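Visitor: What follows is a predicted structure for the sequence shown.
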Amino acid sequence: MNQSFNFKIVPEIIFGRGAVEKVGQEVRKRGGSKILLVSDGGVAKAGLLEKVRHLLLKEKLEVAVFDKVEPEPWVETADEAGKIARQEDCNLVIGIGGGSAMDVAKAASVLATNEGKASDYQGLDKVPEPGLPKIMIPTTAGTGSEVTFTAVLSNKKPKGKGGINSPYLFPQLAILDPLLTLSMPPPVTACTGMDALTHAIEAYTSLQASAISDALALKATELIARNLRLTVTDGQNVEARENMLMGSLLAGIALANAGVTAAHALAYPLGGLYRIGHGVANGLMLPYIMEFNLESSLKKFAKIADAMGEEVRNLPLEEAAKKSVAGANKLSREIKVPRRISELEVGITESNFPEMVTSAMKVTRPLENNPRKLTEEDAMAIYKRAL
Ligand SMILES: [Fe+2]
């Protein structure tokens, strides 16, 4: 347990059914008059982008729209969004969508006020000046990007992904409205939910975990593990959607402070080299990493199992801890997310593993946070087991 830490959190969170209706007045409160609204095609198709645009127009605010964010967005997409913010003289940015849209919105807010390109700022603390004020409105219950200081963007050369990590990326406000998540189709609900579960479990078991992040991460594990199935099978169940959104929020705050661990590191090459979605990649790696990490903290994994609703009473500690892996496997099987690398259908074979291992081992911070030291040989063995 980390007994010496800085706990960082966004200044304001508005949560609740219909919370999005307040967006106009919240923009006004923050001095916004010309807004860049960043989103993606799926969110636009679901009518959510238009809903927010309408709410802003009703408040007599000017709105520029950038809705070309793709999954696993490129640095150039963030550059383009930043350029629009500058050209249109915007003074506030709103991101509405999943992690990709919110990450591009966060990057655009700093690109509007800083010279240079998104790729110049990938890394830690490279952004020199604060960005435009920003408000994030998630439409998935997954990434937690609305409460983190990171924007993950893809690069073509060298092929891979990198985060812009800066305190200037923290949104000023996160608006979480469960009603906005109702239209998410089951496969997206399933993958983004597994990402949220990965955040919760990894933040809880991270070497950077603190008493505060533990409380959040364990509650998040409980909410996600007990509501994800329902949101996949019955997308219109508002209470389950609400619990999932709360779970992903708590997991996001925990991860912004405790970090993530080896599942994110080993998932990284699947996204960076093969463009597998972040949630799919993490959901796939999570049970394998939990299995690997078990021995590092039987107590914590037993608590995870209990939070997930597994029966652990009267079990010896090791057996109780193992139930957490069984619980994660059962959940991913039931919500039908890929559980093996071969299921991804991108042609990965064992011959690709050396490149993947090299790439994963470069994801140093999550690996340093991992509760059990993970070597190149371990990474190779885990990929082989997951094939
Ligand atoms: Fe993640």
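Guide: Nice, thanks for sending it over. Computed from a predicted structure; not experimentally measured.

Visitor: looking only at pLDDT, what's the mean for the helix or strand containing residue 198?
Guide: Using DSSP states H and E, the element containing residue 198 is helix 186-205. Averaged over helix 186-205, pLDDT sits at 98.

Visitor: Got phi/psi on residue 136?
Guide: Residue 136 adopts backbone torsions of phi -110, psi 140, taken as degrees, to the nearest 10.

Visitor: who's in contact with it?
Guide: Listed by C-beta atoms under 8 Å, 6 or more residues apart in numbering, the contact partners of residue 136 are 94-96, 102, 105-106, 145-147, 171, 173-175. For the C-beta atoms, the positions are set from N, CA and C on the backbone; glycine is no exception.

Visitor: Only C-alpha atoms, please: export the helix holding residue 198 in PDB.
Guide: The C-alpha trace of helix 186-205 is given here as PDB (Å, rounded to 0.1, in the frame of the first residue of the first chain):
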ATOM      1  CA  PRO A 186     -24.200  -5.100 -26.800                       C
ATOM      2  CA  PRO A 187     -20.700  -5.700 -28.200                       C
ATOM      3  CA  VAL A 188     -19.600  -2.100 -27.400                       C
ATOM      4  CA  THR A 189     -21.200  -2.400 -23.900                       C
ATOM      5  CA  ALA A 190     -19.300  -5.600 -23.300                       C
ATOM      6  CA  CYS A 191     -15.900  -4.400 -24.500                       C
ATOM      7  CA  THR A 192     -16.000  -1.000 -22.800                       C
ATOM      8  CA  GLY A 193     -17.300  -2.700 -19.600                       C
ATOM      9  CA  MET A 194     -14.300  -5.100 -19.600                       C
ATOM     10  CA  ASP A 195     -12.000  -2.100 -20.000                       C
ATOM     11  CA  ALA A 196     -13.600  -0.500 -16.900                       C
ATOM     12  CA  LEU A 197     -13.300  -3.800 -15.000                       C
ATOM     13  CA  THR A 198      -9.600  -4.000 -16.000                       C
ATOM     14  CA  HIS A 199      -9.100  -0.400 -14.600                       C
ATOM     15  CA  ALA A 200     -10.800  -1.300 -11.300                       C
ATOM     16  CA  ILE A 201      -8.900  -4.500 -10.800                       C
ATOM     17  CA  GLU A 202      -5.500  -3.100 -12.000                       C
ATOM     18  CA  ALA A 203      -5.800   0.100  -9.900                       C
ATOM     19  CA  TYR A 204      -6.700  -2.100  -6.900                       C
ATOM     20  CA  THR A 205      -3.700  -4.400  -7.300                       C
END
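
Visitor: Helix, strand, or coil at residue 66?
Guide: strand (DSSP: H, G, I helix; E, B strand; the rest coil).

Visitor: and it, what does it touch?
Guide: 36, 37, 38, 39, 80, 81, 84, 104, 108.

Visitor: In strands only, show me these.
Guide: 36, 37, 38, 39 (DSSP state E).

Visitor: neighbour-wise, which of those leads?
Guide: Most neighbours among these, by other C-beta atoms under 10 Å: residue 38, with 36 neighbours.

Visitor: Next, the contact list for the closest residue to residue 303 other than its chain neighbours, please.
Guide: The shortest distance from residue 303 to any non-neighbouring residue, by C-beta to C-beta, 6 or more residues apart in numbering, is to residue 218 (6.4 Å). Residues near residue 218 by C-beta under 8 Å, 6+ apart: 200, 204, 303, 304, 307.

Visitor: Please identify the one among these that lies nearest to residue 274.
Guide: Each of these was scored against residue 274 by C-beta to C-beta, and residue 200 proved nearest at 25.3 Å.

Visitor: how many other residues sit next to the closest one?
Guide: When neighbours are defined as other C-beta under 10 Å, residue 200 has 30 of them.

Visitor: cool, and residue 171?
Guide: Counted with other C-beta under 10 Å, residue 171 comes out at 27.

Visitor: where do the helices sit along the stretch 101-250 of the chain?
Guide: Assigned by DSSP state H, counting those that start in this stretch, the helices in the stretch 101-250 of the chain fall at 186-205, 211-233, 238-258.

Visitor: that older thread, which of the contacts of residue 66 lies closest to residue 321?
Guide: Using C-beta to C-beta, the contacts of residue 66 come closest to residue 321 at residue 104, 39.1 Å.
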